[in-house]
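Novice: Here is my input; please provide its structure:
(4 chains)
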Amino acid sequence: MKLHEYQAKAAFAAEGIPVPNGILAVTVDETVAAADGIGYPCVLKSQILRGGRGKAGLVVPVRGADTARREAARLFASEQGVRKILVEEAVAIDRELYLAITVDAVEACALVLACADGGVEIEELARTAPRKIIRERVDLDSGLLPFQARNVAWSLGLEGETAKAFAEVLEKLMRVFRANDAELAEINPLFVTKDGKVLAGDGKLSIDDNAMFRHPSLEPGRDYYDSDIAFEAAKEGIPYLQFGGDISLMCAGAGLATTVYDLVNYEGGSVANYLEFGGPNYRKAVRAMELCLGNDPKVVLIVTFGTIARADVMAEGVAEAVASLKPRCPVVVCIRGTGEEKAVGILRAAGLEPLFDTEEAVRKAVALAKGGRP
Amino acid sequence: MKLHEYQAKAAFAAEGIPVPNGILAVTVDETVAAADGIGYPCVLKSQILRGGRGKAGLVVPVRGADTARREAARLFASEQGVRKILVEEAVAIDRELYLAITVDAVEACALVLACADGGVEIEELARTAPRKIIRERVDLDSGLLPFQARNVAWSLGLEGETAKAFAEVLEKLMRVFRANDAELAEINPLFVTKDGKVLAGDGKLSIDDNAMFRHPSLEPGRDYYDSDIAFEAAKEGIPYLQFGGDISLMCAGAGLATTVYDLVNYEGGSVANYLEFGGPNYRKAVRAMELCLGNDPKVVLIVTFGTIARADVMAEGVAEAVASLKPRCPVVVCIRGTGEEKAVGILRAAGLEPLFDTEEAVRKAVALAKGGRP
Amino acid sequence: MSIFIDRDTRVVVQGITGGEGSFWTKHMIGLGTYVVAGVTPGKEGRSVEGVPVFHTVRRAVAGHAADAAMIFVPPRFVHDAVMEALDAGIRKIVTVADGIPLHEALRIRAAAREAGARVVGGNTSGVISPGLAMMGMFPYWIDRVYKPGRIGVMTRSGSLTNEVTAMVVRGGFGVSSLIGVGGDAVPGSRFAEFLPDFQADPGTDAVLVIGELGGTMEEEVAAAMESGAFRKPLVAFVGGRTAPEGRRMGHAGAISGAGSGSAADKVRALEKAGALVADRPAGVGKLLARALGTASP
Amino acid sequence: MSIFIDRDTRVVVQGITGGEGSFWTKHMIGLGTYVVAGVTPGKEGRSVEGVPVFHTVRRAVAGHAADAAMIFVPPRFVHDAVMEALDAGIRKIVTVADGIPLHEALRIRAAAREAGARVVGGNTSGVISPGLAMMGMFPYWIDRVYKPGRIGVMTRSGSLTNEVTAMVVRGGFGVSSLIGVGGDAVPGSRFAEFLPDFQADPGTDAVLVIGELGGTMEEEVAAAMESGAFRKPLVAFVGGRTAPEGRRMGHAGAISGAGSGSAADKVRALEKAGALVADRPAGVGKLLARALGTASP
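Specialist: Model (predicted):
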């Protein structure tokens, strides 16, 4: 789960990482009041979860109350769905660094990434100047040792008090990473001020979904999700991704879903959403289909090949869903695995035509979607 | 540094280890009030740092206020120097276990020791029934894992909720051990009550002296030391041990001191005290000799063989000490190592006879001590 | 022949008294797996499907010389269960649970490497050598999906496994050993780590890799082929070739290894190394036939 | 000949710009030690006794191929310094500081074992091969104390070292290599771990062990003799034979190993294994002569 900048910075500050003065605002008036409180010039930073906010005009410096009001109004009214603005003091910057901690799946440790060129996306850096990226591997049990922080600081070419301040920020960022079960803790840019201080110019913190049970206070709200349906699904613990197309996928397992997504595209179709119908959700067919139909798709395509998630149980659920929800669009079913013989009868009784080949099912769904609603 | 039972139990309780209700008292009146508050029967436990308190009559159950007053008066007046009494509720015990965490210097890890026969000293157990001692090695970085706690619990023959409660106590004791830089954290006996609960009947916690800088609140008071001189020495960071004999040793280094101690005994002498005159103390000859003379010894014996602790500097200090303190007893000096040629002249000028052979110095000191004061 | 497990592998099942544990213990035994003991803390003395249950793995190993551990415990207890198996000297471990916390997955892999052990999973169906034995949850009783044969299979996806093995069978082949390394970001073992075993296995003629976008496991397979360490024919399928960017992968994570993590990059790397890459599951049968120089039926 | 260090050992000095570091760097070089680089964070670019200083051990190793590290940093920074040396690939480390926190001493030894490295100390004077080289703080310029020869020496005590080596010289012998394992409860390396080196060293005829009460290091030496792993003559001195109980050792610590930790038990174990044990430092010369079958001068 990705946190907003203001949340990431709160987590940073809790471990003692310096951050600029900032106030969170949720209305235009609050924004202006916050800017007045912080003083001008200051920066209005839209709290949304996509990259490139600067280029998109979602982070704007303001020099007075009038522009603060005008820009705040523009941001809250923008199409990007801005609901919160972080108002931050403007900092006199000498240089910008990149600093992040993520995981190294091969070496099975935490991985510090740093670069003397901050402000650039790390993917961009990895493409254009991979040798500029400094890497330091950190054992999760023993944690970051002081010498490792110094190694990174000196590799960045920092000196004196700035090197020391950087090393401290890195040690604290590692504590943030560990305490929050993070998959990514990133400060980009990390400001070095004209007087040699180091502070977090931006903040990304992404929490491992599998460890969310240890962080109940971080429970995500509506603003984390692309759509109301995605939010509804999340509340019920159902993995869900929103896309722009017209075929709604109920699939069991991310690997199979990814493959079906490819096959739909190969056949010239497009996917409206993917909803996880496997694992613990295989008995939730009615609710699952209800969510899918909320997208008003042209076809619902159900593909499974289950072992524990029994085909007959899934078929029963689908039959019940069709009976109770009466979808206006066609439902294509390809439900296989344990109990599949029994499933066939159930699906036929429900008026559905059971298929056994994934590609055949995809072709049928795409054809139906292209043909419009029956 | 060894903590008192009441301090150890406070550290245990801070991590959630169940301990009996207890109140600390420093006067007879406080003791009776505490006993009244806790209710009868209860136990008066003298807070002194030696083992075998029970056999020595320093832990006494009391059934009413009268006996509480009488026993408290007796304890505070005893020769053992009891200054604090822990008044504790009497617990309905089903059985007693032994549980401790210490270090394994060979395997370089923490070592859990447990035994189904509690209440006995572990050294006694190691002698009489070594196979009854259960050992579990714990990596300091990864800490005690739940399965290890379960292994110990089941090896002790515990079952059900008691096994679970024991495992929890062990996990918490490991946190005590790590958080306090302990060299030993011991619960002996660990009570199992008639209703299957587990709680600390006694508590030993010994903090690594080299890590005391991380635990400034544990700074030891006068009651930790055998004598006023030992306390004075400790306040100045000078290692000091009090013995019962008449030759006061100023030695540089524990190994050399131990050897000189042996040699004194071989020659039929006895040691009054050992004071560390090496390391950072080698420039503190005046203060060191002042402390030694506080024991009213028959001889002061100074033995060093220094490298960094220069012989000439030590000799100068000793000369100054003799001049200013004017000891009534003879001072035997055997100061060698870097700068020893220069030291010879300094010592002779101070009226001392420099020796170069440890055994010769010891023989001379013992002879002087036997001959009485010159 | 097989890698990882055969009929002599002595399996202890951790979490054997749970619903999943007891259900799959029955089926593992049904296939021929030698399940020698089970472990559930607090339930020593019981038995499941005739298998004796112990409080701890140490006791199970002491009494029954288990040399492999099949772990059926909820995700947040997996780390402890793996560490317990390693501590008891077990060096082959399969853990199926989906939802192991990431930092614990890192610790599991780190501990396994340090111990010289192999942990397969989590978030996997496990390991199977059809007709012989399995540690995991495979519906081996469905003939059109599981058939013994001479194709080694490695997969990251549990849900794709039945889909693709059915295609192997439809292509006229069968499986020597199937290793589900699992769908987690940090699996206990990685594709390339099994290539030496498949290379050495006289029962395996070719290997099928079922990959997907994200991470660098497919690139590592390509590297092993490039270096000459793996020399048998290799067919691959990589899911997610049309997936929109950033909808699955972490952020900085993708740059930690060699590749970009995109399916297209993986396909390119594998093809460059000499693998035949199918663009859909149905294509694997034909490519296996081509790789092995046999006529597809 | 020597063990651990000779004139080809390329030493990096950590904490070289400190008072102790610079002082002993001069003397190490004076004896013939090959000090190739120094490290003090923040002081890269300086030089000490002609030795270039770097910010980090990694840089010192990169530029000067150091293969041994001599650590002169205050006790609470020793753990970090050792880990930095290990991280940079160094496998021979001497740390002299007295006062390393116990739990950090445990981590140091654990890390060294995992890396297959040898850490000597802390709380030691270090390691010296008289006439050749040293990592540590020995007054080698005092002839009656340090003389090259064919006796290997191991000691726990810094303060006893000069005392006893003087007795070796007085006995007509000299020292091949002296290893001060240090006086801490958890030294980085233990007596018995050097016995294979002394056994293999053609320049060492016999070994002198200077032990004392507490711990189990002397018992481990006895065990190595009993097992036949160490077969050269061995003379020992054990301090603390008349020490009152409990005035030095920890509590339960003593039972963690084989012995009781008392000096008497150690003497018994060593004598049983065939060692000659002196009851005072002055006795070691005569015993060395007896062990080697030479006449004491």
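Novice: So which residues of the stretch 1-150 of chain C form strands?
Specialist: Taking DSSP state E, counting those that start in this stretch, the strands of the stretch 1-150 of chain C run over residues C:10-14, C:34-39, C:47-48, C:51-54, C:68-71, C:92-95, C:118-121, C:126-129, C:133-136, C:148-155.
Novice: Report all helices and strands that the shortest one contacts.
Specialist: Going back to what we said before, that points to strand C:47-48. Contact analysis of strand C:47-48 by 3 or more Cβ pairs under 8 Å, 6 or more residues apart in numbering or on different chains; DSSP states H and E lists helix C:19-31 as its packing neighbours. From N, CA and C alone the C-beta is placed, and that goes for glycine too.
Novice: Now do the helix it packs on: everything it contacts.
Specialist: A:308, C:11, C:13-16, C:35, C:38, C:40, C:48-49, C:51, C:70, C:72, C:96, C:128, C:131-137, C:140 (Cβ atoms under 8 Å, 6 or more residues apart in numbering or on different chains).
Novice: And stretch A:224-237, by the same measure?
Specialist: Residues from elsewhere that reach stretch A:224-237 (Cβ under 8 Å, 6+ apart): A:1-2, A:49, A:220, A:222, A:239-242, A:273, A:275, A:280-281, A:284, A:287, A:291, A:294-295.
Novice: Same check on stretch C:36-53?
Specialist: B:150, B:154, B:159-160, B:163, C:10-18, C:21-22, C:25-26, C:29, C:35, C:54-57, C:59-61, C:63-66.
Novice: got it, and stretch A:139-147?
Specialist: Residues from elsewhere that reach stretch A:139-147, judged by Cβ under 8 Å, 6+ apart: A:109-110, A:112, A:136, A:138, A:167, A:170-171, A:174, A:178, B:139, B:141-142, C:103, C:106-107, C:110, D:56-57, D:77, D:79-81, D:83-84, D:87, D:107.
Novice: Buried ones among the residues you listed?
Specialist: Buried members of these, scored by 16 or more other Cβ atoms under 10 Å in any protein chain shown, are A:109-110, A:112, A:136, A:138, A:167, A:170-171, A:174, A:178, B:139, B:142, C:103, C:106-107, C:110, D:56-57, D:77, D:79-81, D:83-84, D:87, D:107.
Novice: buried stuff in the lengthiest helix in chain A?
Specialist: Using DSSP state H, we find that the single longest helix of chain A is helix A:160-179. By neighbour count on 16+ other Cβ under 10 Å, the buried set for helix A:160-179 is A:162-178.
Novice: for residue A:184, helix, strand, or coil?
Specialist: When classified by DSSP: H, G, I helix; E, B strand; the rest coil, residue A:184 comes out as strand.
Novice: on that earlier part again, may I see the PyMOL selection of the buried members of the contacts of stretch A:224-237?
Specialist: Here is the PyMOL command that selects the buried residues among these (16+ other Cβ under 10 Å):
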select buried, chain A and resi 1+2+49+220+239+240+241+242+273+275+281+284+287+291+294+295
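Novice: if I look at residue A:275, how far off is chain D?
Specialist: 47 Å (Cβ to the nearest Cβ, to the nearest Å).
Novice: Pull the contacting residues for that residue.
Specialist: A:233, A:238, A:239, A:240, A:248, A:249, A:250, A:251, A:288, A:291, A:292.
Novice: And those residues, which is closest to chain C?
Specialist: Taking Cβ to the nearest Cβ as the measure, chain C sits nearest to residue A:251 out of the contacts of residue A:275, at 7.5 Å.
Novice: Can you tell me how far that closest one is from residue D:271?
Specialist: Distance, residue A:251 to residue D:271, by Cβ to Cβ, to the nearest Å: 77 Å.
Novice: how about the helices in the stretch 151-297 of chain C?
Specialist: Assigned by DSSP state H, counting those that start in this stretch, the stretch 151-297 of chain C shows helices spanning C:158-170, C:195-200, C:217-226, C:263-272, C:284-292.
Novice: For the first one, name the packing helices and strands.
Specialist: What that stands for is helix C:158-170. Contact here means 3+ Cβ pairs under 8 Å, 6+ apart; on that basis helix C:158-170 packs against helix A:254-266, strand A:299-306, strand C:148-155, strand C:175-180, strand C:206-212, helix C:284-292.
Novice: cutoff 6 Å now
Specialist: helix A:254-266, helix C:284-292 (3 or more Cβ pairs under 6 Å, 6 or more residues apart in numbering or on different chains; DSSP states H and E).
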